[in-house]
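*Asks:* model this:
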Amino acid sequence: MTEAGRPLLAAGLLAFLLAAGITHPRVFAAGNDASRWAQIEAVVDLGEGAIDRTSFAWTVDRVEAGGRSYSNKPPLLSLAGAAVYAGIRAVTSWRLADAAALPRIVYLVTLLLVGGAATWLAVEMARALAAAPGLAAAERRLVLAALLAGTVATSFTSTLNNHTVAAALLFAGWRAALAGHGGRAGLAGGLAAGVDIVPGLGLLPVLAWSAHARGGRGATGRLAAALVPCALALAAMNLALWGSPWPAKMIPGARDLSASLAPSVAGVLLPERWTYPLEALFGWHGFFSLSPVLLVGAAGLASACRRRGGAEARLGVGLGEARLLAAALAFQVLFHVLVAGSYGGWSYGFRYLIPLVPFLLFFAPLALAGWRRTLFALLLLPSVATAMLGAYHPWPPAFEQSAGRHPVASLVTNPVGGNLAALLAARDPESAAARWAAGRFVSPDRDEQRRYFALFFWSRGEPEAAGRFRP
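*Replies:* A predicted model of the protein is given here:
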């Protein structure tokens with residue numbers, strides 16, 4: 001192996017081993033991953049698009065149309081999971097309806113799809129940092145450590161979700177566009193839109209502009225040519241699954257159960273108070289408060305937008321490219337904090353912004369001069385701690401918003417504290433630390449603590465642990 005290839009191999013291997021260690025062999029009660037598992041089971045085991053007859057028909061993340069229920073998720077990731085599951089079933093005869101086989105299937109499919117995407121993202125980041133002309137080795141290592149284990153993206157690598165996959169596709173597409181490879185950029189962007197619609201579509205103009213700036217009209221044409229089959233394939237998937245080329249949430253006359261408790265737009269719950277945007281970024285569920293290293297990345301991107309030549313000399317990104325990317329990322333932030341309410345449901349952190357993580361971290365070295373490098377290293381400690389707590393339960397019962405208030409889940413307004421309290425309660429419930437955490441983050445009332453922990457472990461797919469806490 002060449003000297004240049006060793007860091008890429010090391011980054012990929014570390015990312016995959018970490019994913020293998022945190023991937024869950026269970027389907028969570030929050031409903032997000034269950035919706036995808038319902039779609040997978042419906043396609044492979046039942047040969048249909050509706051999820052009414054699946055083991056996960058109870059998921060709240062579904063739409064009802066024409067007397068049938070359908071997953072409300074973009075279908076690309078679910079159909080990729082169906083292909084992997086079909087291969088596993090052909091070799092082993094395991095079925096999702098078999099309680100003994102279910103954990104093995106869930107673990108393997110999640111690890112291959114989401115863990116595989118995290119591995120690819122780590123390799124892409126290592127390649128991008130290695131190609132940057134002005135970075136020190138210590139800066140590269142700090143950024144890779146943050147990407148591997150220091151953000152809310154790490155927490156959701158442990159479960160079958162779309163955000164990590166979209167992050168990998170979009171970052172790889174952007175790097176391809178900067179290299180003038182319009183076809184690769186278009187394919188990655190088109191697939192990202194099929195996995196995570198808003199960030200996928202929102203960052204397509206960035207890919208197109210960068211491809212044109214670096215590769216001319218030819219690159220732009222190849223990007224457009226790659227987008228056409230992606231769009232047709234996605235429409236065909238929708239049509240095959242629920243009889244409409246539109247996403248499930250936009251089926252005429254459909255009722256989205258996950259958005260039926262409060263005012264919503266296109267199946268997305270709207271925020272119910274004016275302080276929500278600040279809370280989504282810096283509150284108990286906050287994107288930056290859970291992953292403070294990302295603040296350094298935001299500062300680095302801001303620096304790249306202010307000074308001509310700084311980002312180009314150190315990262316190989318021009319001033320115009322940095323400004324366009326910053327504008328697109330700002331749009332994603334504003335759109336999600338103004339439109340996507342309820343913090344993502346029973347969710348550890350504001351997960352909708354996970355696709356922005358690699359872009360922010362890539363620019364972090366521009367803010368690491370002098371003492372700020374030490375600050376980044378110090379911020380990495382709480383970032384890793386909160387990321388690992390999130391991996392323990394990425395879909396914990398927690399306060400969403402008043403319209404969908406759950407009497408027990410809403411006891412916890414801080415998912416980090418809730419996860420910590422539950423972890424300590426499971427390990428040593430009578431310890432001083434466990435009692436303090438339960439009283440501080442759940443409730444001073446012992447019966448309410450037990451009710452919450454019972455709900456927590458039930459939602460985590462551990463009925464025996466839940467039974468130990470039922471009052």
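*Asks:* mind checking which residue lies nearest the centre of this structure?
*Replies:* residue 163 (2.9 Å; Cα atoms, centre = their mean).
*Asks:* with adjacent residues omitted, what lies nearest to that residue?
*Replies:* Of all residues not flanking residue 163 in the chain, residue 354 sits nearest, at 3.6 Å (Cβ to Cβ, 6 or more residues apart in numbering). C-beta: built from backbone N, CA, C; applies to glycine.
*Asks:* thought the residue nearest to the centre of the chain was touching residue 156?
*Replies:* Yes. If you go by Cβ atoms under 8 Å, residue 163 and residue 156 touch, sitting 5.7 Å apart.
*Asks:* quick check: neighbours shared by the two?
*Replies:* 351, 354 (Cβ atoms under 8 Å, 6 or more residues apart in numbering).
*Asks:* show me what contacts the residue nearest to residue 163?
*Replies:* So residue 354 contacts 151-153, 156, 163-164, 166-167 (Cβ under 8 Å, 6+ apart).
*Asks:* same thing but at 6 Å, please
*Replies:* For residue 354, the contact set (Cβ atoms under 6 Å, 6 or more residues apart in numbering) comprises 153, 163, 167.
*Asks:* assign it to helix, strand or coil.
*Replies:* helix (DSSP: H, G, I helix; E, B strand; the rest coil).
*Asks:* coming back round to it: and the contacts of residue 354, which of them are in helices?
*Replies:* 153, 163, 167 (DSSP state H).
*Asks:* take those residues and lay them out in a markdown table including distance to residue 58.
*Replies:* Shown next, in a markdown table, are the ones in helices among the contacts of residue 354 (distance: Cβ to Cβ, whole Å):
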| residue | distance to residue 58 |
| --- | --- |
| 153 | 28 |
| 163 | 23 |
| 167 | 29 |
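*Asks:* which of the residues you listed sits closest to residue 55?
*Replies:* residue 163 (24.2 Å; Cβ to Cβ).
*Asks:* got the contact list for the closest one?
*Replies:* Counting by Cβ under 6 Å, 6+ apart, residue 163 has contacts 156, 351, 354.
*Asks:* and with 7 Å instead?
*Replies:* Going by Cβ atoms under 7 Å, 6 or more residues apart in numbering, residue 163 touches 156, 196, 351, 354-355.
*Asks:* repeat that for residue 191.
*Replies:* By Cβ under 7 Å, 6+ apart, the neighbours of residue 191 are 76, 169, 230.
*Asks:* closest to residue 295 among the residues you listed?
*Replies:* Checking the contacts of residue 191 one by one against residue 295 (Cβ to Cβ), the nearest turns out to be residue 169, at 24.8 Å.
*Asks:* from the chain's centre, how far out is the longest helix seen in the chain? Work that out for me.
*Replies:* For the chain, the helix that runs over the most residues, judged by DSSP H, is helix 197-242. With Cα atoms, centre = their mean, to the nearest Å as the basis, helix 197-242 stands 21 Å off its chain's centre.
*Asks:* try stretch 232-251
*Replies:* With Cα atoms, centre = their mean, you get 23 Å for stretch 232-251.
*Asks:* those strands in the chain, which residues are they?
*Replies:* Under the criterion DSSP state E, the chain contains strands at 62-65, 68-71, 255-256, 264-265, 268-269.
*Asks:* chain center to the second one: distance?
*Replies:* So the one you mean is strand 68-71. 23 Å.
*Asks:* looking at the chain, which helix or strand does the model trust least?
*Replies:* The weakest-scoring helix or strand in the chain, judged by mean pLDDT, DSSP states H and E, is strand 264-265 (a mean of 62).
*Asks:* which ones are touching residue 104?
*Replies:* 25, 94.
*Asks:* roughly how far apart are it and residue 89?
*Replies:* Distance check for residue 104 against residue 89: by Cβ to Cβ, to the nearest Å, it reads 11 Å.
*Asks:* now do the shared contacts for the two.
*Replies:* By Cβ under 7 Å, 6+ apart, no residue touches both residue 104 and residue 89.
*Asks:* and the pLDDT for residue 405?
*Replies:* pLDDT recorded at residue 405 is 75.
*Asks:* enumerate every residue touching residue 40.
*Replies:* 78, 81-82, 85.
*Asks:* what does residue 34 give?
*Replies:* Per Cβ under 7 Å, 6+ apart, neighbours of residue 34: 27-28, 56, 59.
*Asks:* low-confidence ranges, this protein, go.
*Replies:* 1-4, 259-268, 309, 402-404, 471 (pLDDT under 70).
*Asks:* now with 80?
*Replies:* Residue ranges of the chain with pLDDT under 80: 1-7, 257-270, 307-311, 313, 401-405, 470-471.
*Asks:* and the nearest residue to residue 328 once chain neighbours are set aside, how many residues sit next to it?
*Replies:* Excluding its sequence neighbours, the residue lying closest to residue 328 (Cβ to Cβ, 6+ apart) is residue 206, at 4.8 Å. Residues lying near residue 206 (other Cβ atoms under 10 Å) number 23.
*Asks:* before we move on, what about residue 338?
*Replies:* 13.
*Asks:* and if you look at residue 293?
*Replies:* So residue 293, with other Cβ under 10 Å, has 29 neighbours.
*Asks:* how about the strands of the chain in CSV, adding distance to residue 322?
*Replies:* Compiled in CSV, those are given as follows (distance: least, Cβ to Cβ, whole Å):
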stretch, distance to residue 322
strand 62-65, 39
strand 68-71, 38
strand 255-256, 37
strand 264-265, 31
strand 268-269, 30
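*Asks:* tabulate these in a markdown table, adding columns for distance to residue 178 and mean neighbour count.
*Replies:* Listed next are the strands of the chain as a markdown table, based on distance: least, Cβ to Cβ, whole Å; neighbours: other Cβ atoms under 10 Å:
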| stretch | distance to residue 178 | mean neighbour count |
| --- | --- | --- |
| strand 62-65 | 38 | 23 |
| strand 68-71 | 35 | 24 |
| strand 255-256 | 38 | 18 |
| strand 264-265 | 34 | 15 |
| strand 268-269 | 32 | 21 |
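*Asks:* and those strands: which comes nearest residue 366?
*Replies:* Using Cβ to Cβ, the nearest of the strands of the chain to residue 366 is strand 268-269, at 33.7 Å.
*Asks:* other SSEs contacting the longest helix of the chain?
*Replies:* helix 75-92, helix 163-178, helix 182-195, helix 319-339 (3 or more Cβ pairs under 7 Å, 6 or more residues apart in numbering; DSSP states H and E).
*Asks:* now it and helix 75-92, what's the angle there?
*Replies:* Counting by axes from the mean of the first three to the mean of the last three Cα atoms, to 10 degrees, helix 197-242 lies at 60 degrees to helix 75-92.
*Asks:* quick one, helix 197-242 and helix 163-178 angle?
*Replies:* 120 degrees.
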